[in-house]
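Sharing a sequence plus its predicted fold:
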Amino acid sequence: MKKSVGIIVGGKSVEHEVSIITGLQVFDNIDKEIYEPRIIYIQKDGKWYVGNSLHDIDNYKKKKFDDAYEVLPGFNNGKLKLYPHPEIKQGFFGKKQATYEIDMVFPAVHGTNAEDGALHGMFQMNGVPCAFGSVLSSAVGMDKVVMKKVFQSNMLPIVDYTWFYRSSFEENKEEILSEIEKLEYPLIVKPANLGSSVGISKATNMDELMFSIQVAMSYDRKVIVEKCVENVREINCAVMGFENELMASLCEEPVGWQEFLTYEDKYVNKKKGASESKRRIPADIEKEIEEKIKYFAKEAFKAVDCCGDARIDFLYDGNNIYINEINTIPGSIAFYLWEGMGISFTDLVSKIIEYAEIQQEQRNGNIVSYDIDLLNKMGSSGKHK
């Protein structure tokens with residue numbers, strides 16, 4: 001019997017559209033001889049939908065989903081159940097019973113309210129196998145400030161940075177600006193909890209810095225400012241596995257990459273050198289540098305307790321290697337980094353699912369109840385007898 005896999009796309013995030021692309025890539029490449037995939041679409045208002053029309057990218061372009069309908073999630077014995085919304089008219093979808101029973105979920109979501117562990121928590125609490133690690137790995141990988149602190153504690157190389165809360169900036173602007181300028185220009189300013197280059201900009205002077213901070217603060221309550229590494233190359237490497245059984249992919253170098261790609265560069269523009277599809281695999285780097293990057297990639301993967309598959313992005317200036325970030329739910333699942341090693345997109349999706357099941361099996365072996373009959377040992381006032 002095929003295992004049902006819910007591929008979750010959309011979400012309440014500025015990276016909503018990117019997520020749809022990711023999810024449909026997974027849907028198209030999942031092994032349908034083994035799995036029965038189902039797209040679960042979370043709209044920008046947070047409502048969940050299912051329907052066969054959600055499996056076709058053209059319907060998203062036209063915003064036409066003839067058979068899609070709203071569902072509510074429920075859980076039973078480690079499975080996700082999707083029930084028709086109670087406001088749906090009776091008689092059209094029959095009795096109010098589970099429309100679908102999902103064995104495991106494959107989140108193809110990006111950004112806040114999803115990639116940051118918020119979505120993972122619901123499934124983790126209810127024992128549903130969920131790809132790409134845990135609440136912890138998702139949250140740490142999403143928050144660039146926490147992520148850097150974790151990397152620092154594991155002696156992994158990162159670019160110098162500082163950070164602040166939006167509320168603190170409003171109260172102590174001059175002090176924070178003074179601290180930022182100690183890094184020296186040029187600087188890169190980012191929202192702490194977004195991806196796909198949303199809200200990121202470069203500052204070469206105070207006017208640009210102020211503008212960049214205002215942009216970043218419009219997206220997140222935390223802002224991180226990094227020293228811009230000049231004459232730099234971006235080198236990316238994916239890691240697959242769980243705990244100490246890890247495998248590094250080929251390394252890639254985006255062609256035409258300069259400083260950072262904007263959201264439009266990555267997903268909209270098709271200009272030469274700006275398209276996401278322009279990449280050199282394997283990257284043209286010395287063997288020694290390649291081995292260091294693969295080592296750092298595995299250590300970063302372990303540092304955030306990741307599982308399944310993740311892409312780690314590096315900066316290389318010809319002398320130093322810096323970890324830029326880890327993408328615990330990569331925008332394209334990093335399938336292109338594995339194909340050169342003989343692992344197809346279909347095989348990669350299957351492996352990610354298998355690791356999710358292994359991780360859940362380990363959680364199932366944990367003691368989650370400690371029965372000491374505490375309530376009956378308490379007096380009526382709540383004091384211990």
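Arrived safely.

now stretch 78-95: mean pLDDT?
What stretch 78-95 shows for mean pLDDT is 72.

I should have written stretch 120-139 there, sorry.
92.

Now do the contacts for Leu315.
Neighbouring residues of Leu315 by Cβ atoms under 8 Å, 6 or more residues apart in numbering: Val159, Val229, Val232, Arg233, Glu234, Ile235, Ile321, Tyr322, Asn324. Backbone N, C-alpha and C define where each C-beta goes, glycine included.

Model confidence score at the residue lying closest to the fourth one once chain neighbours are set aside, please.
Closest residue to Arg233 in three dimensions, ignoring its sequence neighbours and counting by Cβ to Cβ, 6 or more residues apart in numbering: Tyr316, at 4.8 Å. Looking at Tyr316, its pLDDT stands at 97.

do Met378 as well
In the prediction, the pLDDT value recorded for Met378 is 70.

partners of it in the sheet?
Beta-bridge partners of Met378, counted by DSSP bridges, are His384.

how far away is it from Phe211?
Distance, Met378 to Phe211, using Cβ to Cβ, to the nearest Å: 58 Å.

At which residues are the helices of this structure located?
In the chain, the segments counted as helices under DSSP state H are 16-29, 57-62, 118-125, 135-142, 144-153, 166-171, 173-181, 206-217, 263-267, 287-303, 336-339, 345-364.

Off-centre distance for the longest one?
Read it as helix 345-364. Distance of helix 345-364 from the chain centroid (Cα atoms, centre = their mean, to the nearest Å) equals 16 Å.

buried sites along it?
Burial within helix 345-364, assessed by neighbour count using 16 or more other Cβ atoms under 10 Å, is assigned to 345-346, 348-353, 355-356, 358-360.

Can you check what angle separates it from helix 118-125?
Orientation check (axes from the mean of the first three to the mean of the last three Cα atoms, to 10 degrees): helix 345-364 against helix 118-125 gives 50 degrees.

Output the contacting helices and strands for helix 345-364.
helix 16-29, strand 104-107, strand 233-242, strand 307-316, helix 336-339 (3 or more Cβ pairs under 8 Å, 6 or more residues apart in numbering; DSSP states H and E).

Pull the contacting residues for Gly10.
With contact set as Cβ under 8 Å, 6+ apart, Gly10 has these partners: His16, Ser19, Ile20, Gly23, Tyr41, Ile42, Gln43, Lys44, Val109.

per-residue pLDDT, it?
92.

which residues does it bridge with?
Counting by DSSP bridges, the residues bridging with Gly10 are Ile42.

what does Tyr100 give?
For Tyr100, the beta-bridge assignment (DSSP bridges) gives partners Leu82.

dump the residue contacts of it.
Ser4, Gly6, Arg38, Val50, Val71, Lys81, Leu82.

change it to 10 Å
Ser4, Gly6, Glu36, Arg38, Ile40, Val50, Val71, Lys79, Leu80, Lys81, Leu82, Tyr83 (Cβ atoms under 10 Å, 6 or more residues apart in numbering).

now swap in Ile34 and tell me
Lys2, Lys3, Val5, Thr346, Val349, Ser350, Ile353.

Which residue, other than its chain neighbours, is closest to the first one?
Meaning Lys2. Take Lys2 and drop its neighbours on the chain: the residue closest to it by Cβ to Cβ, 6+ apart is Glu36, 4.3 Å away.

Equivalent analysis for the fifth one, please.
Taking Cβ to Cβ, 6+ apart, and ignoring the residues beside it in sequence, Val349 has Ile30 as its nearest neighbour in space, at 5.0 Å.

same deal with the second one?
Across the structure, with Cβ to Cβ, 6+ apart as the measure, the residue nearest Lys3 apart from its sequence neighbours is Asp103 (4.5 Å).

Give me the neighbour count for that neighbour.
Around Asp103 there are 19 other residues, counting by other Cβ atoms under 10 Å.

Could I get the contacting residues of the spatially most central residue of the chain?
Residue closest to the mean C-alpha point of the chain, counted by Cα atoms, centre = their mean, is Ile329 at 3.3 Å. Contacts of Ile329 were listed using Cβ under 10 Å, 6+ apart, and they are 19, 22, 106-111, 114-116, 119-120, 131-133, 137-138, 141-142, 195, 308-311.

so where is the chain shaky, pLDDT-wise?
Low-confidence segments of the chain (pLDDT under 70): 88-98, 195-197, 256-277, 331-332, 368-370, 374-375, 379-385.

make it 50
90-96, 263-276 (pLDDT under 50).

Show me it divided up by domain.
What automatic domain parsing lists as the domains of the chain is 3-131, 160-227, 233-354.

got these as CSV, with distance to Phe151 columns?
Formatted as CSV, these follow (distance: least, Cβ to Cβ, whole Å):
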stretch, distance to Phe151
domain 3-131, 18
domain 160-227, 11
domain 233-354, 6
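
Please identify which of the ones you listed is closest to Val146.
domain 160-227 (8.2 Å; Cβ to Cβ).

If you drop the residues flanking it in sequence, what lies closest to Lys148?
Closest residue in space to Lys148, ignoring its immediate chain neighbours: Ile158 at 5.3 Å, by Cβ to Cβ, 6+ apart.

Is that neighbour in contact with Phe151, as I believe?
Yes. Judged on Cβ atoms under 10 Å, Ile158 makes contact with Phe151 at a distance of 5.3 Å.
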